[in-house]
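I would like the atomic coordinates for the input below:
(one chain, ligands or ions: 1)
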Amino acid sequence: MSSVREHYDNHLGPVYAWMVGGETSALARGDAEIGALDVAPRGGGIAVDLGAGFGMHAIALAERGFDVVAVDACSVLLDRLERLGQGRRIRIVRDDMQSFVDHLPGAPELVMCLGDTLTHLPDDSDVEALIEEIAGVMEPGGRFIATFRDYSQRLDGTRRFIPVRSDMDRNMTCFLEYSESHVLVHDILSERRGAEWATRVGAYRKLRLAPARFRSMLIARGFSVEQSSEPAGMVRFSSRLDHPGNPE
Ligand SMILES: C[S@@+](CC[C@H](N)C(=O)[O-])C[C@H]1O[C@@H](n2cnc3c(N)ncnc32)[C@H](O)[C@@H]1O
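Numbering: from 1, shown residues only. Here you go, the predicted structure:
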């Protein structure tokens, strides 16, 4: 098993844009997602994208007038963001998202952690600490929006094989192996090499973060919360810091 950083640097980073449907369509999807959230700078204008990847949401935020701090641990993806986001107000930070407060130019009015990034954190207590940090630095009335995959219900048998994407030259399939608190994700990547296929397998842990637990963490830190279900087992939390410094 690799660390998340190793897994992205060596395995997922180079094929991530392909995996999510290609750069152009991912950027269009990111733009539509941000559009649907009805976000616009209303305060100091700082937005933070935690686990920004190659910027499918960070670029859309910058286009809506935010000063974006895009934090990610993967150099391969951040290099791509640097190229795609050229000329936009995006501060690119290569660091652990748990240290994001070290890189802020001021209090953010918006923090996002989209696309099943929160489940990369090692434990529930790390999620809790991140929420505490966000509540501690955010402008009053600021928004924290997160989406993650609900792994709390186990899949059995062949349902644990998840086809991700395939085309003439590549196939990516995940296999899930459950423990009490985590799921071990095996990424099986096959790529055409001339007349042959080369297959690489890498594995990393994801957190089985229960939506109800996440919701109560947010409420305990002074957020009001709207929760909705998304396709493919994803859940969305759109929360607002209504009671800063006055949790519970
Ligand atoms: C599933 S991808 C989501 C990327 C992007 N937000 C999206 O919606 O496409 C998770 C991203 O989080 C990054 N990541 C995972 N754990 C991290 C951590 N502890 N600190 C910073 N980045 C992290 C990975 O490098 C990867 O880019």
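
give me the residue from this protein nearest the ligand.
Among the residues of the chain, Gly115 lies closest to the ligand, at 2.3 Å counting by CB to the nearest ligand atom. (Each C-beta comes from the backbone N, C-alpha and C, glycine too.)

what about that residue, which SS state?
Secondary structure, DSSP: H, G, I helix; E, B strand; the rest coil: Gly115 is coil.

hang on, Arg236 packs against Ala146?
Yes. Checked against CB atoms under 8 Å, the pair Arg236 and Ala146 is within contact range at 7.5 Å.

Neighbour count: these two, which is higher?
Each of Arg236 and Ala146 has its neighbours counted (other CB atoms under 10 Å); Ala146 has more, 26 against 17.

which ones are touching the residue of the chain closest to the ligand?
Gly51, Gly53, Met56, His57, Thr147 (CB atoms under 8 Å, 6 or more residues apart in numbering).

My understanding was that the first one contacts Cys74; is that so?
No. Applying CB under 8 Å, one finds Gly51 not in contact with Cys74, separated by 9.0 Å.

Provide a list of residues in contact with Ala28.
If you count contacts by CB under 8 Å, 6+ apart, Ala28 has none.

Numbering from 58 from now on, please.
All right, first residue 58 from here; so that's Ala85.

Now do the SS call for it.
Three-state assignment for Ala85 (three-state DSSP): helix.

Check Ala119 too.
Ala119 is classified as helix under three-state DSSP.

That one reaches Arg146, doesn't it?
Yes. Counting by CB under 8 Å, Arg146 is a contact partner of Ala119 at 5.4 Å.

Compare neighbour counts for these two and give me the winner.
Ranked by neighbour count (other CB under 10 Å), Ala119 and Arg146 place Ala119 first, with 20 against 16.

Check that one and give its pLDDT.
On pLDDT, Ala119 comes in at 98.

Equivalent analysis for Glu248, please.
The model's pLDDT for Glu248 equals 96.

what are the bridge partners for it, then?
In this entry, Glu248 is beta-bridged to Arg227, Ala255, by DSSP bridges.

Look at Asp180 and say how many residues are nearby.
Per other CB under 10 Å, the neighbour tally for Asp180 reads 12.

Quick one: residues contacting it.
Contacts for Asp180 were tallied using CB under 8 Å, 6+ apart; they are Ser238, Leu264.

Then Val105?
Val125, Val126, Val128, Phe157, Leu161, Pro165, Leu167, Val168, Met169.

taking the mean pLDDT, what do you get for the helix or strand hosting it?
Per DSSP states H and E, Val105 falls inside strand 103-107. The average pLDDT within strand 103-107 is 98.

now do stretch 162-172
Across stretch 162-172, the average pLDDT comes to 97.

Any idea how far apart the tips of it sit?
Start and end residues of stretch 162-172 are separated by 25 Å (CA to CA, to the nearest Å).

Name the residues of that stretch that are buried.
For stretch 162-172, the neighbour count (16 or more other CB atoms under 10 Å) marks Pro165, Glu166, Leu167, Val168, Met169, Cys170, Leu171, Gly172 as buried.

again with stretch 99-111
Residues Gly102, Ile103, Ala104, Val105, Asp106, Leu107, Gly108, Ala109, Gly110, Phe111 are the ones in stretch 99-111 that count as buried (16+ other CB under 10 Å).

on that earlier part again, farthest pair in the buried residues of stretch 162-172?
Greatest spacing in these, by CB to CB: Glu166 and Gly172 (20.9 Å).

hmm, back to that, want to throw the buried residues of stretch 99-111 into CSV with distance to the ligand?
Listed next are these as CSV, based on distance: CB to the nearest ligand atom, whole Å:
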residue, distance to the ligand
Gly102, 21
Ile103, 18
Ala104, 13
Val105, 12
Asp106, 7
Leu107, 7
Gly108, 3
Ala109, 6
Gly110, 3
Phe111, 8
